[in-house]
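> sequence first, then the predicted structure, then my questions.
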Amino acid sequence: MLKHQLIHPKINEVLARAGHHGMILIADGNYPASTKKGPNAEIVCLNLMPGVVTCAQALRAILSAVPIDGVRTMMYTKDDPYTLAADPPVWDEYRAVLREWGLPFDLEPVPKWDFYKAVETPDHILTIQTGDQQRFANLLLSIGVRME
């Protein structure tokens with residue numbers, strides 16, 4: 001029986017094969033997961049219905065299973081119909097989750113088109129497609145090193 005919170009068999013399988021610098025994308029419901037992915041990435045669809053599962057829920061599950069040493073977010077654009085005037089409210093929820101887990105870093109916003117490029121690299125091993133409806137809720141996690 002697993003001790004961590006993450007019990008999804010496919011996600012656990014992919015994470016068990018992953019190593020340092022592997023990247024996990026937790027994608028909101030609007031992310032084009034089938035076309036914006038790395039050549040080695042597997043997609044796990046957890047988008048049951050709008051709002052279920054959320055990116056924050058997926059983040060908590062991943063943090064229970066593997067060490068993370070970086071969290072990048074997709075920076076909102078100021079020149080499209082989905083623009084925001086300030087950071088997406090969900091980013092505060094992510095910051096709270098990082099504090100809960102005692103992680104010593106903050107979110108690193110990456111311009112939208114650069115975010116897509118980062119995801120399309122060979123280091124991208126997993127996309128978790130959620131049903132999160134919040135704009136710019138995507139997270140790109142970098143797997144760290146197990147120290148214990």
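Looks like it came in fine.

> residue ranges with poor pLDDT in the protein?
Along the chain, the model assigns pLDDT under 70 to residues 1.

> which stretches of it form strands?
Listed in chain order, the strands of the chain (DSSP state E) span 23-27, 42-45, 68-75, 108-111, 124-129, 139-143.

> which residues sit against the second one?
So that's strand 42-45. Residues outside strand 42-45 that contact it (Cβ atoms under 8 Å, 6 or more residues apart in numbering) are His8, Lys10, Ile11, Val14, Ala33, Ser34, Lys37, Ile125, Leu126, Thr127, Ile128, Gln129. All C-beta spots, glycine's among them, are computed from the backbone N, C-alpha and C.

> before we move on, what about the fifth one?
Residues from elsewhere that reach strand 124-129, judged by Cβ under 8 Å, 6+ apart: 11, 14-15, 17-18, 22-27, 29, 31, 33, 37-38, 40-47, 58, 62, 118-119.

> still on that earlier bit, how about TSV for the strands of the chain, with distance to Pro81 and mean neighbour count added?
TSV is the format used below for those (distance: least, Cβ to Cβ, whole Å; neighbours: other Cβ atoms under 10 Å):
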stretch	distance to Pro81	mean neighbour count
strand 23-27	20	26
strand 42-45	26	16
strand 68-75	16	20
strand 108-111	17	14
strand 124-129	22	24
strand 139-143	23	22
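
> could I get those strands as JSON lines with distance to Leu84?
JSON lines is the format used below for the strands of the chain (distance: least, Cβ to Cβ, whole Å):
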{"stretch": "strand 23-27", "distance to Leu84": "18"}
{"stretch": "strand 42-45", "distance to Leu84": "26"}
{"stretch": "strand 68-75", "distance to Leu84": "10"}
{"stretch": "strand 108-111", "distance to Leu84": "12"}
{"stretch": "strand 124-129", "distance to Leu84": "22"}
{"stretch": "strand 139-143", "distance to Leu84": "16"}
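
> hmm, back to that, from the contacts of strand 42-45, which two are the most distant?
With distances taken as Cβ to Cβ, the most widely separated pair in those is His8 and Ser34, at 19.3 Å.
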